[in-house]
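S.K.: Would you be able to build a 3D model of this:
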Amino acid sequence: MRHRHAAAGPRRPRLPLRYLLPSVLLVVVVVMLLLRGYVHSEFLADHRVRPPAPTGTVPEKVLSGGPVLDARGETPVSHRVPDHKIVLTFDDGPDPEWTPKILDKLARHRAHAVFFVTGTMTARYPELVRRMVEEGHEVGLHTFNHPDLSYQSSARVQRELAQSQLALAGAAGVHTSLFRPPYSSTADALDDRSWPVAREVARRGYITTFIDTDSEDWARPGVDEIVRRAMPERPGQGAVVLMHDSGGDRSQTVAALDRMLPELRAQGYEFPQLTEALGAPGPHSAVHGTDLWKARAFVAAVGVSESAMGVLVVALAVVGVLVVARFALMLMLSAVHARRVRRRRRGRGRDGRRPPVTEPVTVLVPAYNERECITATVRSLAAGDHPIEVIVVDDGSTDGTADLVEALGLPGVRVLRQPNAGKAAALNNGLRHASCDLVVMMDGDTVFEPSTVRELVQPFADPDVGAVAGNAKVGNRRRLIGAWQHIEYVMGFNLDRRMYDVLRCMPTIPGAVGAFRREALWRAGGMSDDTLAEDTDVTMALHRRGWRVVYAERARAWTEAPETVKQLWSQRYRWSYGTMQAIWKHRRAVLERGPSGRFGRVGLPLVTLFTVFAPLLAPLIDVFFVYGLVFGPTLRTAAAWCGVLAVQAVCAAYAFRLDRERLTPLLTLPLQQLLYRQLMYVVLMQSWITALTGGRLRWQKLRRTGLLGSAPGALSGSEAEPREPHGLYEPGEAREPRTKSAVG
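M.R.: Alright, predicted model coming up:
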């Protein structure tokens, strides 16, 4: 069996479902948009109209002949409508509003007509063409996109006819031999430019129908004038009358039929089909087999594209409301948060009357293969101005991370070694060995400013506060991808945290800089490995236990953001998927009472809308932007996109001002919207697919470079002098938690 397996050759690589589905979805959306744009004449349409030309090549008997031209043979033959017969013709339809009303009028007055339909309208409203045929009217072609065929090549003429027949077959199951050129009138208007087109169309088996009288209803001159112009030149004379059932307001046309048809019938006129009036065979031929199925598939695809566009427009409206609502909330509530912070700093707020928090703090640093960064991380903690003990939990590193920390010989710094078990297990292990009631957690690739820990723990002066989110900053922002993440951190994360702080539903304590009351953590069950976003998971658990979670903007931590697209993809994929897991895990909070119910009915919907659904729908803004730029209206599309960008720029500038950041990186904001944001869309889409298909995602370690030697403004890692632990406990036995841990 091994031999047979080997002989079969290597297995072909298969595209994972999480890549295949977004690719297929993108292709489907693009095809639907292109199809919709084509049938709406938003591209490949030609609206030029050629001025009159000489008539030297047009046979005289055609110019002086009747309105029905049969040029299929070598000698063209013209036909006139017999006396006392009026052939009503309607161009440019069908129209969903006016065609049904015109059909109703014709049925009421027992009249027939010829509807010269365009392929675009036929494909969009096939049920109306089907009704025309069923009610005994004749249908002719008026091209697909309504171009002046005298400007078009022979191939384009053929395509216009073939696509119109395809739409007609898909709508009514028939082909037709009747044709009327766009922008045509009477037979004597043929010239040296339009005559070759008439011959080309005739060679393809069509009878061309011109007119005798033009009602000019398209100009809406009034019902009386339409009736007057539609009348034959002399009483009893037969005529082909031109009217329209589409192209604008046709209410005057509908009213004119109610006047004209009774008057003409009183004069002895009949209103037959065209071929019936001429005593010729009917123009319709049934379509069968493969051709019929192709036609139906085309019309069905157009219907799907129309429906899809309707859904996309509604979704675009939804995402527009969400985006505007989010920006408005962020700006308004961030301003409220800023005022509260200023009041507290001046001693006028509730927290300003409380004494500062000076009790010692345990800092937990989970580390797995952090050789490049761990030294700078630990030294930044030793240079702090708040009493701390540091516990570095080495989670089975294979690069000597723990040895580097121990070699530093810094007082108050301990190393715990454990087999590789994941970040949550490492934090729980460190928590069991913590000696302080307040615990700060940070990543092994992060550096603190000297005041970070002190600023981070000040909100614990309020006994209701169970956790504090710090201000994570991107340290490696010199490259473009780092600058984009810097904008995202300042605007998308920290401005959000101010908003959530005011609403008292902070969804996430960042893993790079967060503080917890040890008692609150134990009551929440410790750090859980149920999700890939253990920081979001535990934050939501704290809310459900009734603890307040707040934001300390001055507690800054500098982290090394991913420097390659691949690393950024891995990180954000884990974040978005883990957030979805956490939302799903805590979904029951929506139905609960008390603090848990408040978070469930305020926090969870906001996080779901702004973090999961809105970003998923937000690509529609860019899809319609590209669509509008390519197919028009270009200027309005560009103006609308610039308007959205301006709103984002205002929010970003305000966020940078609150964080006291230079505005220079915002120069890359337009490029971020065009490139970086698209990557985030795809990542979120991939997370959705992974969740919906039941996929599993492993923790993916990012490769670090160790570029951050210290926090900006602090001493470098090699120059920083370690400080004494301010009388903290010496490393020894772990203090027992106040409550029993739910973690094994």
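
S.K.: Which parts of the stretch 551-700 of the chain are helices?
M.R.: 565-585, 594-598, 604-607, 614-617, 619-631, 634-658, 669-671, 677-692 (DSSP state H, counting those that start in this stretch).

S.K.: burial measure for the closest residue to Ser64 other than its chain neighbours, as a count.
M.R.: Closest residue to Ser64 apart from its sequence neighbours, by Cβ to Cβ, 6 or more residues apart in numbering: Asp188 at 6.8 Å. Glycine gets a C-beta too; all of them are placed from N, C-alpha and C. The number of residues packed near Asp188 is 15, by other Cβ atoms under 10 Å.

S.K.: hang on, the earlier thing: turn the helices of the stretch 551-700 of the chain into JSON lines, columns for distance to Arg110, mean neighbour count and mean pLDDT.
M.R.: Supplementary listing: those in JSON lines, determined by distance: least, Cβ to Cβ, whole Å; neighbours: other Cβ atoms under 10 Å; pLDDT from 0 to 100:
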{"stretch": "helix 565-585", "distance to Arg110": "64", "mean neighbour count": "19", "mean pLDDT": "86"}
{"stretch": "helix 594-598", "distance to Arg110": "68", "mean neighbour count": "16", "mean pLDDT": "91"}
{"stretch": "helix 604-607", "distance to Arg110": "60", "mean neighbour count": "19", "mean pLDDT": "91"}
{"stretch": "helix 614-617", "distance to Arg110": "52", "mean neighbour count": "18", "mean pLDDT": "73"}
{"stretch": "helix 619-631", "distance to Arg110": "44", "mean neighbour count": "17", "mean pLDDT": "76"}
{"stretch": "helix 634-658", "distance to Arg110": "48", "mean neighbour count": "15", "mean pLDDT": "85"}
{"stretch": "helix 669-671", "distance to Arg110": "64", "mean neighbour count": "15", "mean pLDDT": "86"}
{"stretch": "helix 677-692", "distance to Arg110": "58", "mean neighbour count": "19", "mean pLDDT": "74"}
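
S.K.: and the helix or strand harbouring Gly310, what does it pack onto?
M.R.: Assigned by DSSP states H and E, Gly310 falls within helix 289-345. Helix 289-345 sits against helix 17-39, helix 119-124, helix 154-172, helix 495-503, helix 614-617, helix 619-631, helix 634-658, with contacts defined as 3 or more Cβ pairs under 8 Å, 6 or more residues apart in numbering; DSSP states H and E.

S.K.: now what about the fourth one, what contacts it?
M.R.: Applying Cβ atoms under 8 Å, 6 or more residues apart in numbering, the external contacts of helix 495-503 come out as 329-330, 333-334, 336-338, 340, 469, 506-507, 550-551, 553, 602-603, 606, 610, 651, 654-655, 658.

S.K.: Distance to Thr401 added to the helices and strands packed on helix 289-345, as TSV?
M.R.: Converted to TSV, those look like this (distance: least, Cβ to Cβ, whole Å):
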stretch	distance to Thr401
helix 17-39	32
helix 119-124	65
helix 154-172	67
helix 495-503	30
helix 614-617	35
helix 619-631	40
helix 634-658	35
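
S.K.: I'd like to know which of those is closest to Thr564.
M.R.: With Cβ to Cβ as the measure, helix 17-39 is the member of those nearest Thr564 (18.4 Å).

S.K.: could you say what helices and strands that closest one packs with?
M.R.: Here helix 17-39 touches helix 119-124, helix 289-345, helix 619-631, helix 677-692, going by 3+ Cβ pairs under 8 Å, 6+ apart.

S.K.: Relative to Arg523, which of those helices is closest?
M.R.: helix 289-345 (26.6 Å).

S.K.: by how many degrees do the closest one and helix 17-39 diverge?
M.R.: 110 degrees (axes from the mean of the first three to the mean of the last three Cα atoms, to 10 degrees).

S.K.: Show me where the chain dips below the pLDDT cut-off.
M.R.: Applying pLDDT under 70 to the chain flags the ranges 1-19, 21-22, 347-353, 618, 632, 692-744.
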